[in-house]
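Peer 1: just the structure for this:
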Amino acid sequence: MTVLEASGELFDWFDQNDKFDLEEDISKLLKKPSKSDKAAVKCALQEFEQMDVVKATEISGEKIWVLSHAIRYLK
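Peer 2: Predicted coordinates for the structure are as follows:
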């Protein structure tokens, strides 16, 4: 999976969800994600963060990305 493909998957994810927890939600996003898939998703999330689409925070040692804007209205 490329970062671009991961971005597309996440764009669809955030159309229905307001947050993404890599550990909790990755298996809901992708069936049997590999390490490289997780890396692509994490890179895509970091790009979304740089574009101010999401904000990241750490709760109990887990990084969680929360939607900054309602992208579902941007479609």
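Peer 1: now do the strands in this structure.
Peer 2: With strands called from DSSP state E, the chain shows them at 19-21, 54-59, 62-67.
Peer 1: can you say which of the ones you listed is nearest to A40?
Peer 2: strand 19-21 (13.5 Å; C-beta to C-beta). Every C-beta, even on glycine, is put in place using the N, C-alpha and C of the backbone.
Peer 1: paired strands for the closest one, with orientation please.
Peer 2: Using DSSP bridges, the strands paired with strand 19-21 are strand 62-67 (antiparallel).
Peer 1: which parts of the strand it pairs with are buried?
Peer 2: 64-65, 67 (16 or more other C-beta atoms under 10 Å).
Peer 1: just stretch 13-26 next, same as before
Peer 2: For stretch 13-26, by 16+ other C-beta under 10 Å, it's 13-14, 20, 22, 25.
Peer 1: which other residues reach that stretch?
Peer 2: Residues from elsewhere that reach stretch 13-26 (C-beta atoms under 8 Å, 6 or more residues apart in numbering): 10, 29, 33, 37-38, 41-42, 45, 53-54, 62-67, 71-72, 75.
Peer 1: widest-spaced pair of the buried residues of stretch 13-26?
Peer 2: Among the buried residues of stretch 13-26, F14 and L22 lie farthest apart (C-beta to C-beta), at 13.9 Å.
Peer 1: now the buried residues of strand 62-67 as JSON lines including pLDDT and distance to E49?
Peer 2: Shown next, in JSON lines, are the buried residues of strand 62-67 (pLDDT from 0 to 100; distance: C-beta to C-beta, whole Å):
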{"residue": "I64", "pLDDT": "96", "distance to E49": "12"}
{"residue": "W65", "pLDDT": "96", "distance to E49": "7"}
{"residue": "L67", "pLDDT": "92", "distance to E49": "11"}
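Peer 1: could I get the residues you listed in JSON lines, plus columns for distance to A6?
Peer 2: Output for the buried residues of strand 62-67, formatted as JSON lines (distance: C-beta to C-beta, whole Å):
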{"residue": "I64", "distance to A6": "17"}
{"residue": "W65", "distance to A6": "13"}
{"residue": "L67", "distance to A6": "16"}
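Peer 1: what pLDDT does the residue lying farthest from the centre of the chain get?
Peer 2: Distance to the chain centre peaks in the chain at S60, reaching 18.6 Å (criterion: C-alpha atoms, centre = their mean). At S60, the predicted lDDT confidence score is 91.
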